[in-house]
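Visitor: attaching a predicted model along with its sequence, questions to come.
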Amino acid sequence: MRDSNTADVAGHAVHAVEAHDDVATALRALAPGEQIDTPAGPITLIGAVPNGHKVAMRSVAAGAGVRKYGWPIGRATRAIAPGEHVHVHNVETMLGDLLDYRYQPSTVATAAAAVSSRTFRGYRRADGRVGTRNEIWILCTVGCVANTARRIAEQANARFVGRVEGVFAFPHPFGCSQLGGDLDQTRRLLASLASHPNAGGVLVVGLGCENNQLEAMLSEIDVADPARLMSFAAQMVEDELADGLAAVEALVRLAETDQRSDCPLSDLVLGLKCGGSDGFSGITANPLVGRMADALADAGGTPVLTEIPEIFGAEQVLMDRAADASVFAGIGTLVDDFKRYFLDHGQQVHENPSPGNIAGGITTLEEKSLGAVQKAGRAPVVDVLRYGERVRTHGLTLLEAPGNDAVSSTALAAAGATVILFTTGRGTPMGFPAPTIKIASNSTLAARKPGWIDFDAGAVLSEGDAVADRLLDLVVATASGQSTCSERNGEREIAIWKRGVTL
């Protein structure tokens, strides 16, 4: 987390990420004519500035870059005076399409706490990986048997209550009428989910005639104990519910013998995600999660960052931290491929932020991206994964996936994330296969939606490091079995990224 540059502490008027930034974030609604202190000196408000939006601390010439996070977040479309509201009416994106990148490695000291001795209570699997839950997962090869998987899970939970930590179906609509690479990535994503250490047993339900053939999918699943993977094609059995329940019972008998044990933080894989961001996300919740990423990386664990379109404009920040030239090239290729994906569909690469982001105070994609990459802390990037691939080394990893909350969070789980940290300024009830800790960027959201939000990061501005210590405690408790809001609400789902044609 960066040092605080909060000014007018008694009234908590504004916060600047860097003292030399051109703008600061309003920590409350600011009124016209109000006089406030900023790191750049006192200013008088020219107009109203909503809570979470930006106010100019110094003059910015028309056409000049507007700095926040120490980087330009856009170009001023007209001259901006100190005290003005800075937003879409006077700032535009500077993003182009494909860029030339240079490898300029830098070493930045992290601000993580010394946590190498901390442990959590996890389930160590036969291959050495560690799960944070001991559940039975039911996956389907194709959407035609999605409801079959759901019905098996419902009946199994009633029949085997208390013997494992739950039986969960993850239905989806795909697996048929798909071709080539589109079908391959659906199969790879599902196979990676089936290989997850949080599943003490997996049942795969197929249909029989689908493009995503059961045997092909099973060949890509990597489970530590083959006895904990069962499957059948519904067209080939007389009673799919009876066969499904029998398979789940056999899996439960194996999984119920598993016990939690003390495991080092190096065994934890932590997904990093933001959704429904606001003007506070980049100064409270995301830097706080960055502290968790640094702490985990320092302890030998694996934080995983995704949402590639939401690093456009901030990719050089990550590239400068590439562990070597190969990782640098991998980041550049991943970003350019995703930009081509936009361009091939006739879309501009800066087709972001969303209406909710704009209402919350985010003006350009550069601003959103520079705030989003705060989740990655300051650790070196050691690996780059394609969609559906699984983590293969310890340290900060970049994963290919779009910004969509459900798709990217599913990809994090498939990559092996055993806990997901999900920051939000707007709130969402959604939950995913791995336990997901929802972190509010502002205290108002945390107070208004206690059934959704697990942690209030709004306190960062007044409490500093103590908040990071509390979040780390929550991460450890969650990894050790404490349920999250979305788990208690029964919010568990997946979404698959479909890029190809449908027959």
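Guide: Looks like it came in fine. If you're wondering where the values come from, they're calculated on a predicted model, not measured in any experiment.

Visitor: all contacts plus neighbour counts: C-alpha atoms, from now on.
Guide: Will do.

Visitor: any low-confidence regions in the stretch 351-500 of the chain?
Guide: For the stretch 351-500 of the chain, the stretches with pLDDT under 70 are 351-352.

Visitor: okay, domains of the chain per the record?
Guide: The chain is divided into the following domains under automatic domain parsing: 1-94, 135-257, 274-488.

Visitor: any stretches of this protein with poor pLDDT?
Guide: Counting by pLDDT under 70, the chain has low-confidence residues at 1-12, 97-99, 107-116, 351-352.

Visitor: try it again with 50
Guide: 1-4, 6, 8-10, 109-113 (pLDDT under 50).

Visitor: quick one: the helices in the stretch 51-200 of the chain?
Guide: Secondary structure of the stretch 51-200 of the chain (DSSP state H, counting those that start in this stretch): helices at 146-159, 180-194.

Visitor: for the longest one, name the packing helices and strands.
Guide: Put plainly, it is helix 180-194. Packing partners of helix 180-194 (3 or more C-alpha pairs under 8 Å, 6 or more residues apart in numbering; DSSP states H and E): strand 135-140, helix 214-218, helix 405-415.

Visitor: of the helices of the stretch 51-200 of the chain, flag the one that's most buried.
Guide: Mean neighbour count (mean count of other C-alpha atoms under 10 Å) peaks for helix 180-194 among these, with a mean of 21.

Visitor: can you put the helices and strands packed on helix 180-194 in a markdown table and add mean neighbour count and distance to residue 246?
Guide: A markdown table is the format used below for the helices and strands packed on helix 180-194 (neighbours: other C-alpha atoms under 10 Å; distance: least, C-alpha to C-alpha, whole Å):
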| stretch | mean neighbour count | distance to residue 246 |
| --- | --- | --- |
| strand 135-140 | 26 | 13 |
| helix 214-218 | 18 | 19 |
| helix 405-415 | 27 | 26 |
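
Visitor: ok, which of these comes nearest residue 482?
Guide: With C-alpha to C-alpha, the closest approach to residue 482 among the helices and strands packed on helix 180-194 belongs to strand 135-140: 14.2 Å.

Visitor: need the contact list for residue 201.
Guide: For residue 201, the contact set (C-alpha atoms under 8 Å, 6 or more residues apart in numbering) comprises 135, 136, 137, 228, 229, 251, 252, 254, 255.

Visitor: isn't the last one up against residue 134?
Guide: Put plainly, it is residue 255. Yes - the pair residue 255 / residue 134 is scored as a contact, 7.1 Å apart, by C-alpha atoms under 8 Å.

Visitor: more neighbours: those two, which one.
Guide: residue 134 (25 against 20; other C-alpha atoms under 10 Å).

Visitor: got any residues that touch both of residue 255 and residue 134?
Guide: Common neighbours of residue 255 and residue 134 (C-alpha under 8 Å, 6+ apart) are 164, 200.

Visitor: adding distance to residue 378, write the helices of the stretch 51-200 of the chain out as TSV.
Guide: Formatted as TSV, those follow (distance: least, C-alpha to C-alpha, whole Å):
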stretch	distance to residue 378
helix 146-159	41
helix 180-194	28
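
Visitor: nearest to residue 489, of those helices?
Guide: helix 146-159 (15.3 Å).

Visitor: which one, of the helices and strands packed on helix 180-194, ends up nearest to residue 128?
Guide: Residue 128 sits nearest to helix 405-415 of all the helices and strands packed on helix 180-194, at 16.1 Å, using C-alpha to C-alpha.

Visitor: return the alpha-carbon coordinates of that closest one using PDB.
Guide: The C-alpha trace of helix 405-415 is given here as PDB (Å, rounded to 0.1, in the frame of the first residue of the first chain):
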ATOM      1  CA  ASP A 405     -16.800 -10.900 -13.100                       C
ATOM      2  CA  ALA A 406     -18.200 -14.500 -13.500                       C
ATOM      3  CA  VAL A 407     -15.900 -15.500 -16.400                       C
ATOM      4  CA  SER A 408     -12.700 -14.200 -14.800                       C
ATOM      5  CA  SER A 409     -13.500 -15.500 -11.400                       C
ATOM      6  CA  THR A 410     -14.200 -18.900 -12.900                       C
ATOM      7  CA  ALA A 411     -10.900 -18.800 -14.700                       C
ATOM      8  CA  LEU A 412      -9.100 -18.000 -11.400                       C
ATOM      9  CA  ALA A 413     -10.700 -21.000  -9.800                       C
ATOM     10  CA  ALA A 414      -9.800 -23.200 -12.800                       C
ATOM     11  CA  ALA A 415      -6.200 -21.900 -12.600                       C
END
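
Visitor: quick one: strands adjacent to the next helix or strand after that helix?
Guide: Next helix or strand after helix 405-415 toward the C-terminus (DSSP states H and E): strand 419-424. Strand 419-424 pairs in its sheet with strand 269-274 (parallel), strand 436-440 (parallel), by DSSP bridges.

Visitor: neighbours around the closest residue to residue 42 other than its chain neighbours, how many?
Guide: The spatially closest residue to residue 42, leaving aside those adjacent along the chain, is residue 36, at 5.6 Å (C-alpha to C-alpha, 6 or more residues apart in numbering). Residue 36: 18 surrounding residues under other C-alpha under 10 Å.

Visitor: does residue 36 really touch residue 46, like I thought?
Guide: No - if you go by C-alpha under 8 Å, residue 36 and residue 46 don't touch, sitting 11.5 Å apart.

Visitor: where does the most far-flung residue of the chain relative to its centre land in three-state SS?
Guide: Most distant from the centre of the chain: residue 238, at 41.6 Å, with distances by C-alpha atoms, centre = their mean. Counting by DSSP: H, G, I helix; E, B strand; the rest coil, the backbone at residue 238 sits in coil.
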